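> from the sequence below, what's the structure:
(one chain, ligands or ions: 2)
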Amino acid sequence: MSVSVGVTGATGRMGRAVLELVLEREDCSLAFAVNRSTDIETVAGVEIESALEFVPLLEERNPDVVVDFTGPKSTLEYASACAEAGVAFVTGTTGFSAPQRSQLEAYGDTIPLLHAPNFARGVQTLVDIIGDAVSNLPGYDLELVETHHNGKRDAPSGTANRLLEEIESAGDFTGRTHGREGDQPREAGEIGVHALRAGSITGEHEVVLAGNHEELRLTHRAEDRGVFAAGAVDAAVWLAGAAPGRYDFSTVISS
Ligand SMILES: NC(=O)C1=CN([C@@H]2O[C@H](COP(=O)(O)OP(=O)(O)OC[C@H]3O[C@@H](n4cnc5c(N)ncnc54)[C@H](OP(=O)(O)O)[C@@H]3O)[C@@H](O)[C@H]2O)C=CC1
Ligand SMILES: O=C(O)C1=N[C@H](C(=O)O)C[C@H](O)C1
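Ligands and ions are numbered 1, 2, ... in the order given. Next up, the predicted model:
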């Protein structure tokens, strides 16, 4: 059975990658592709419709699921419209405030909802194992470095924040230090967090654990946005048949 997919942010870096993959795959088909600005009229031969048409398009084309990579405010608007229409919603958007994240999660009461800050399977694996690394190495200094392209808006990345949640619940840390400058020696128990932005780097996350005259580096490097798009479309195909609720990407991978 082919799952019908609506794509938002369709001319953005991720939206394009998702759109192209939906066209390629045999287990899904494209219901529509929308974007806020309509300067770019087509992507991969598909007409890009205005985001203003999103609600009527949900009614007319009746997608099984919408895949969204945009920005926090627009993601909440798209999720609200999907909840109203009873359409499953997958989003990879990052940069939500805590209240925005709660608002997004609340839509899972009404529709199948899956939000993941990173749809790479390797990152999900890093999220799954990082707690064990931290609890096996108590007292080791921990630093997290994330590197992305110069167009990225939010820092630290959504992935870094997700890793930090796991790290903090597995170890005894005093707090986060974002960058360092001047006379600022490292304090025991702090987590150093560093965000690099340069060129067209797709996305890298490294957790460094050092102590006991040794160092452990756990690094994930995405070589291509197709990695994220593949995970998001896998999640969309999986979510289309699910009951309303909040789902995790780890469930998609393990099923
Ligand atoms: N979970 C994951 O695996 C990944 C998550 N991301 C996240 O996805 C998001 C998008 O990233 P990326 O594709 O690189 O970003 P881009 O800036 O390339 O694209 C963003 C798209 O969203 C649209 N958009 C932004 N704000 C609004 C708004 N207020 N209303 C409607 N549309 C809007 C833009 O439209 P317009 O053309 O009009 O500006 C654009 O099409 C980010 O939060 C990023 O962190 C990225 C990669 C992987
Ligand atoms: O903006 C990006 O590009 C990415 N954003 C996500 C994040 O904030 O973690 C995931 C990925 O690293 C690429």
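
> what about the closest residue in space to residue 210 that isn't next to it in sequence, neighbour count?
In space, and not counting its chain neighbours, residue 210 is closest to residue 141: 5.0 Å by C-beta to C-beta, 6 or more residues apart in numbering. Any C-beta I mention is one placed from the backbone N, CA and C, and that applies to glycine too. The burial count assigned to residue 141 is 17, neighbours taken as other C-beta atoms under 10 Å.

> and residue 164, backbone torsions?
When read as degrees, to the nearest 10, the backbone of residue 164 gives phi -60, psi -40.

> contacting residues for it?
144, 156, 176, 191, 193 (C-beta atoms under 8 Å, 6 or more residues apart in numbering).

> quick check: the last one is in a strand.
When you say that, I think you mean residue 193. Yes. Under DSSP: H, G, I helix; E, B strand; the rest coil, residue 193 falls within a strand.

> contact residues of the protein facing ligand 1?
9, 11-15, 35-37, 51, 69-71, 73-74, 92-95, 116-119, 154, 158, 228 (C-beta under 6 Å from any ligand atom).

> are any of the residues you listed buried, and which?
9, 11-12, 14-15, 35-36, 51, 69-71, 74, 92-95, 116-119, 154, 158, 228 (16 or more other C-beta atoms under 10 Å).

> related to what we said a few turns ago, what about the contacts of residue 164, which one has the most neighbours?
residue 144 (24 neighbours).

> quick check: that one touching residue 190?
No. Between residue 144 and residue 190 there is no contact under C-beta atoms under 8 Å: 11.4 Å.

> ok, and what's touching stretch 227-247?
3, 5, 14, 17-18, 20-22, 25, 27-28, 64-65, 67, 69, 88, 90, 92, 105, 108-116, 118-121, 124, 203, 222, 249, 252, 255.

> buried stuff in it?
For stretch 227-247, by 16+ other C-beta under 10 Å, it's 227-240, 242, 247.

> quick one: mean pLDDT over it.
Mean per-residue pLDDT for stretch 227-247: 97.

> off-centre distance for that stretch?
12 Å (C-alpha atoms, centre = their mean, to the nearest Å).

> please apply the same query to stretch 46-59.
For stretch 46-59, the distance to the chain centre is 23 Å (C-alpha atoms, centre = their mean).

> show residues contacting it.
With C-beta under 8 Å, 6+ apart, stretch 46-59 has contacts from 6, 8, 10-11, 19, 23, 30-36, 38, 40-42, 66, 74, 78, 81-82, 84-85, 87.

> am I right that residue 142 is in contact with residue 208?
Yes. Between residue 142 and residue 208 there is a contact at 7.0 Å, judged by C-beta under 8 Å.
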